[in-house]
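[1] okay, structure incoming, though there's no sequence with it:
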């Protein structure tokens, strides 16, 4: 259901035909990269967080990044706190593994992290744990109706 909702939403931008429903799971960065045959860092990962007012916001960043708590707090004025899986579904309309910056309730604000700008194209999810599409950063900004580009993430240290 959610993929169809995303396709309908993306049709306004002429991007619905790019949605790929995959045979393999794309629920994590690693799985998505394998299913799409790309590098994990090119996966546009949507992180669902509590907003200051009790709602929800999304930060979309490169797959090799994570929220930098100090940068986030300096920018938004509060400590980042992730939504639980149930909260993510309720507040975004998408289940964890398929959370994406498309077809969201109007009160969900999307921010894109500058970590994505390293790439010509990136792969956000499309509403399910086995869907994605390839977009330029400009297309992602427009289609997500992002509020702004931010610098609130950092590259994860290798283990």
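    Cool, got the structure. In this text, all values refer to a predicted model and were calculated from it rather than measured experimentally.
[2] so what's residue 40 up against?
    Contacts for residue 40 (Cβ atoms under 8 Å, 6 or more residues apart in numbering) come out as 29-30, 32-33, 63-64. In this view, the C-beta of every residue, glycine as well, is placed from N, C-alpha and C.
[3] and those residues as a markdown table, adding secondary structure, distance to residue 53 and neighbour count?
    Formatted as a markdown table, these follow (DSSP: H, G, I helix; E, B strand; the rest coil; distance: Cβ to Cβ, whole Å; neighbours: other Cβ atoms under 10 Å):
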| residue | secondary structure | distance to residue 53 | neighbour count |
| --- | --- | --- | --- |
| 29 | helix | 29 | 21 |
| 30 | helix | 34 | 12 |
| 32 | helix | 31 | 28 |
| 33 | helix | 34 | 18 |
| 63 | coil | 29 | 22 |
| 64 | coil | 30 | 19 |
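[4] farthest-apart pair in the residues you listed, please.
    Put simply, by Cβ to Cβ the two of the contacts of residue 40 set farthest apart are 32 and 64, 12.4 Å from each other.
[5] thinking again about what came up before, could I get the contacts of residue 40 as TSV with distance to residue 44 and pLDDT?
    TSV is the format used below for these (distance: Cβ to Cβ, whole Å; pLDDT from 0 to 100):
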residue	distance to residue 44	pLDDT
29	10	96
30	14	95
32	9	96
33	12	96
63	7	97
64	11	97
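[6] and residue 70, how far is that from residue 51?
    Between residue 70 and residue 51 the distance is 18 Å, computed by Cβ to Cβ, to the nearest Å.
[7] neighbour count: the two, which is higher?
    Shown here are residue 70 and residue 51; by other Cβ atoms under 10 Å, residue 51 has more neighbours (16 against 11).
[8] over to the residue lying closest to that one once chain neighbours are set aside. Which of the three states is it?
    Beyond its immediate neighbours in the sequence, the residue positioned closest to residue 51 (Cβ to Cβ, 6 or more residues apart in numbering) is residue 57, lying 4.6 Å away. What DSSP: H, G, I helix; E, B strand; the rest coil gives for residue 57 is strand.
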